[in-house]
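Visitor: got a sequence here, can you model it:
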Amino acid sequence: MLTEQTIPAVTGGVLDRQRKHRSYEIDGMPSNFSDAPNGTKLGDYGRFTDSKEFCCEGNLFSDLMSLSLMADITPRQHKLSSMDRVMAWNRTYFHHLNLYKPLMLSLPNNDDLKSLLTSFSTRLTNRYLVTRIIRCLPDPCQPSSNITTPLYSVAKPFVWHRNQSTSFVSEERSGDELRGETSDQVRVNMI
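Guide: All right, here's what the predicted structure looks like:
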């Protein structure tokens, strides 16, 4: 049986449900996911180039291990559908992706993550953070398809803004637009 739930991610408030240019609809539901550059991982941080490409400069999980920090930022897993195949549709470019057994991973909404973001705020000023990814298994019906992380969502925590207060409101980047928001919620089908 499928039920619909709202899942808060990093910032914990109310989402401005306005959808942005270059975002995908997933299984018929609007989302703020964009095409992921190859190798994009949850927790990657970096900047956007002039050509609007995300340039990874590091990863929160790697930093935790190298600095021997103790923080529980275990990724949350969210099944997108009970179906093996899900369609993601980009109405701007009339482009679709067939997602095989998609699983959304998101950063948790907890005090450990907030503390970690604050502790990195000086070093990561004006950087963006990959807060959600959709990961898929390789599709056995399409052996040439080897993209296992086709979509991602990026936000800039306000604690990483230059000359900003230390609230945990974020800006989310979707395609080539930026949106200020007080939360990041995703509606997904949970089994």
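
Visitor: buried stuff in the longest helix seen in the chain?
Guide: Scanning the chain for the helix with the most residues, using DSSP state H, yields helix 111-119. Within helix 111-119, the residues that count as buried by 16 or more other Cβ atoms under 10 Å are Leu113, Lys114, Leu116, Leu117. For glycine as for every other residue, the C-beta is placed from the backbone atoms N, C-alpha and C.

Visitor: what's it packed up against?
Guide: With contacts taken as 3 or more Cβ pairs under 8 Å, 6 or more residues apart in numbering; DSSP states H and E, helix 111-119 sits against no other helix or strand.

Visitor: mean confidence score for it?
Guide: In this model, helix 111-119 has an average pLDDT of 91.

Visitor: farthest pair within the buried residues of helix 111-119?
Guide: Lys114 and Leu116 (7.3 Å; Cβ to Cβ).

Visitor: let me have the buried residues of helix 111-119 in CSV, extended by distance to Thr40.
Guide: What follows is the buried residues of helix 111-119, written out as CSV (distance: Cβ to Cβ, whole Å):
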residue, distance to Thr40
Leu113, 19
Lys114, 23
Leu116, 20
Leu117, 19
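
Visitor: which phi and psi does the residue positioned nearest the centre of the chain have?
Guide: In the chain, the C-alpha closest to the average C-alpha coordinate belongs to Arg132, at a distance of 2.2 Å (Cα atoms, centre = their mean). The phi/psi pair for Arg132 (degrees, to the nearest 10) reads phi -150, psi 140.

Visitor: in the sheet, who's paired with it?
Guide: Ser106, Ser153 (DSSP bridges).

Visitor: what is the burial count for Gly43?
Guide: By other Cβ atoms under 10 Å, 21 other residues sit near Gly43.
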